[in-house]
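Novice: Fold the following and give me the result.
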Amino acid sequence: MNTKRILIVDNEAKMRRILELSLKAMGHIVSEASDGVVALSIIEKQSIDLVLTDLRMPRMDGIGLLAALRERGMDVPIIVMTAYGTIETAVQAMKLGAIDYIIRPFEMETVEMAVTRALAMQAVQRENTFLREEVSRGWGAFIGTSAAMQSLYELIRQVAPTRSNAFIVGDTGTGKELVARAIHEASGRKGLFVPINCAAIPAELLESELFGHVKGAFTGAVRDRVGKCELASGGTIFLDEITEMPANLQVKLLRMLQEGSIERVGANGATPVDIRVVSATNRDLHQAVESGALRRDLYFRLNVVRVDVPKLQDRQGDIALLANHFLHKHALGLGRATPRLGSHVLQRLEAYEWPGNVRELENIMERAVVLCRGEEITLDQLPVELSHESLRHSLSSVATTDNTFTDCSLDLKAQVESLECQIIKAALERSANNKAVASRLLGISERTLWYKLKAYRVDN
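Specialist: Residues are numbered from 1 along each chain as shown. The predicted structure is shown next:
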């Protein structure tokens, strides 16, 4: 069982002592309060995972404590202890948010069972909250049969069953998070897979996001918060763009890896965690270490096994599989029949360099589905970037053909103007005579294009 912080609230010192001994024997950290006023003060100052409270106490009783916590928005799980004659009060306590009650006098086994049950329920509630946030993300499976992907699959199979930390390296859009999730799912670890993008969260909030905080730790901390590292205990945390993490938090992460515990912002004590860390970056790792973006000692802790994710242009044989998968996915989402991928379109896709990798391919296929009104994806449903790539290839062939210099003239100016005129005509053809699009393809302003059209007397 993971160690939890439990607060016992009872005006009888002897009862507090008996409960303390029992709960400490279970491995928990125990605090004590003689009434609701003292308990509320403790809860406001430190992180408490469970409260075990009597109902009848001086100054502030159990009902008053429940009401005060509810008013302050503190959702600390509470078990109430009540005598036979006050069961109605126990029912009232349950309505105010208590999760269980124990009738006095009781056996210690009853208390231990109730505590175990309450902590398990708390863990499930946290997991359900996290899963509700993640369910809409639509995680997909790997698609690809290329040699590069087969090598990646084999490395994942080797790494996953171990406890070793892994470092995933790859360009933006290659699917580094899918690789991290695959490692977790094949690992057999029972806890959650918790992703966090270190570049997407402001530096001043990242510490709380990672390690959590206690109420009052800083302005706006109106209640305790469980951090992603604590949430991932027993599972895997995925730190994407780790090189963007501030240096002070890298020190705290290193300490977590060394000691197996985390400390919430503003807390006085540490909480043990059992986490496997999978990190990722799209930067050159060695350069990141040399520049100081990633601490050298942390690098060696995280980079036990390096996993390189191939670029899409290095797995050209997978483009058709991926394109058809994304067509089906987005057609299904729009309630349409899946359109076919025309052969000319596939040729265009396979000729493109894909700077945005798989993510860019998915975006283009989604666009194609939205624009398609027939049964087949056509060239005019592809974005300008792919037209530009096609233009580049066609111009390359124009420049290398044997009859480029038809009159065998060595007049450099004449030949340059002739080739420039051909390029402009090709751009106009590709853009369906749209001057704005053609100017973007050519990398010049629309005003310059109009000037050249006039100079070369191109019919427009």
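
Novice: going forward, measure contacts and count neighbours with C-alpha atoms only.
Specialist: Fine.

Novice: remind me which residues of this protein are low pLDDT?
Specialist: By pLDDT under 70, the low-scoring segments of the chain are 1-2, 84-88, 90, 124-141, 387-413, 459-460.

Novice: which residues in it form strands?
Specialist: Along the chain, the segments classed as strands by DSSP state E run 5-9, 29-33, 50-54, 78-83, 100-104, 166-169, 193-197, 236-240, 261-262, 271-272, 276-281, 305-308, 340-341, 376-377.

Novice: and the ones you listed as CSV, adding distance to Gly216 and mean neighbour count?
Specialist: Below are the strands of the chain laid out as CSV (distance: least, Cα to Cα, whole Å; neighbours: other Cα atoms under 10 Å):
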stretch, distance to Gly216, mean neighbour count
strand 5-9, 18, 24
strand 29-33, 19, 19
strand 50-54, 19, 26
strand 78-83, 21, 22
strand 100-104, 28, 18
strand 166-169, 35, 24
strand 193-197, 24, 20
strand 236-240, 26, 26
strand 261-262, 18, 21
strand 271-272, 18, 16
strand 276-281, 29, 25
strand 305-308, 40, 18
strand 340-341, 57, 16
strand 376-377, 57, 20
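
Novice: Among the ones you listed, which comes closest to Thr145?
Specialist: strand 305-308 (16.5 Å; Cα to Cα).

Novice: strands paired with the closest one, and their directions?
Specialist: Strand 305-308 pairs in its sheet with strand 166-169 (parallel), by DSSP bridges.

Novice: contacting residues around the strand it pairs with?
Specialist: 159, 176, 179-180, 277-283, 285, 302-309 (Cα atoms under 8 Å, 6 or more residues apart in numbering).

Novice: try stretch 282-297
Specialist: By Cα under 8 Å, 6+ apart, the residues outside stretch 282-297 that reach it are 169-172, 241-244, 247, 250, 254, 299.

Novice: Give me the buried positions along it.
Specialist: Under the neighbour-count criterion of 16 or more other Cα atoms under 10 Å, stretch 282-297 has 282, 285, 288-289, 293-295 buried.

Novice: Include distance to Phe218 when you put those residues into CSV, please.
Specialist: Below are the buried residues of stretch 282-297 laid out as CSV (distance: Cα to Cα, whole Å):
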residue, distance to Phe218
Asn282, 33
Leu285, 34
Ala288, 32
Val289, 32
Ala293, 27
Leu294, 27
Arg295, 27
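
Novice: so of those residues, which ones are in helices?
Specialist: When DSSP state H is applied, the buried residues of stretch 282-297 are split such that 285, 288-289 fall in helices.

Novice: Could you single out the nearest of the residues you listed to Gln258?
Specialist: When these are compared against Gln258 (criterion: Cα to Cα), the nearest one is Val289, at 19.5 Å.

Novice: The residue most central in space within the chain and Ala280, how far apart?
Specialist: With distances taken as Cα atoms, centre = their mean, the residue of the chain nearest its centroid is Pro195 (3.6 Å). As defined by Cα to Cα, to the nearest Å, Pro195 lies at a distance of 11 Å from Ala280.

Novice: which residues are common contacts for the two?
Specialist: Common neighbours of Pro195 and Ala280 (Cα under 8 Å, 6+ apart) are 238-240.

Novice: export the residues you listed to JSON lines and tack on distance to Gly62?
Specialist: Shown next, in JSON lines, are those (distance: Cα to Cα, whole Å):
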{"residue": "Phe238", "distance to Gly62": "41"}
{"residue": "Leu239", "distance to Gly62": "42"}
{"residue": "Asp240", "distance to Gly62": "45"}
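
Novice: Specify which member of these is nearest to Ala98.
Specialist: Nearest member of these to Ala98, counting by Cα to Cα, is Phe238, at 34.6 Å.

Novice: quick one: the closest one from Thr281, how far?
Specialist: 11 Å.

Novice: Repeat that for Lys425.
Specialist: Distance from Lys425 to Thr281, by Cα to Cα: 43 Å.

Novice: show me the contacts for Ser445.
Specialist: Contacts of Ser445 by Cα under 8 Å, 6+ apart are Ser439.

Novice: mind checking the backbone torsions on it?
Specialist: For Ser445, the backbone dihedrals (degrees, to the nearest 10) come out as phi -80, psi 160.

Novice: quick one: Tyr101 and Val80 touch, right?
Specialist: Yes. Tyr101 is in contact with Val80 according to Cα atoms under 8 Å; the separation is 4.6 Å.

Novice: residue ranges of the helices in the stretch 351-460 of the chain, please?
Specialist: In the stretch 351-460 of the chain, helices defined by DSSP state H, counting those that start in this stretch lie at 357-371, 384-400, 412-430, 435-442, 446-455, listed in chain order.

Novice: Let me have these in JSON lines, extended by mean neighbour count and distance to Gln313.
Specialist: JSON lines is the format used below for the helices of the stretch 351-460 of the chain (neighbours: other Cα atoms under 10 Å; distance: least, Cα to Cα, whole Å):
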{"stretch": "helix 357-371", "mean neighbour count": "19", "distance to Gln313": "8"}
{"stretch": "helix 384-400", "mean neighbour count": "16", "distance to Gln313": "14"}
{"stretch": "helix 412-430", "mean neighbour count": "16", "distance to Gln313": "24"}
{"stretch": "helix 435-442", "mean neighbour count": "20", "distance to Gln313": "22"}
{"stretch": "helix 446-455", "mean neighbour count": "14", "distance to Gln313": "32"}
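
Novice: want to try CSV for those, with distance to Val51 as columns?
Specialist: Output for the helices of the stretch 351-460 of the chain, formatted as CSV (distance: least, Cα to Cα, whole Å):
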stretch, distance to Val51
helix 357-371, 47
helix 384-400, 60
helix 412-430, 71
helix 435-442, 66
helix 446-455, 71
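
Novice: burial count for Gly443?
Specialist: Using other Cα atoms under 10 Å, the number of residues around Gly443 comes to 11.

Novice: Would you enumerate the residues in contact with it?
Specialist: Contacts of Gly443 by Cα under 8 Å, 6+ apart: none found.

Novice: Equivalent analysis for Ile364, please.
Specialist: Ile364 neighbours (Cα under 8 Å, 6+ apart): 382-383.

Novice: Sounds good, over and out.
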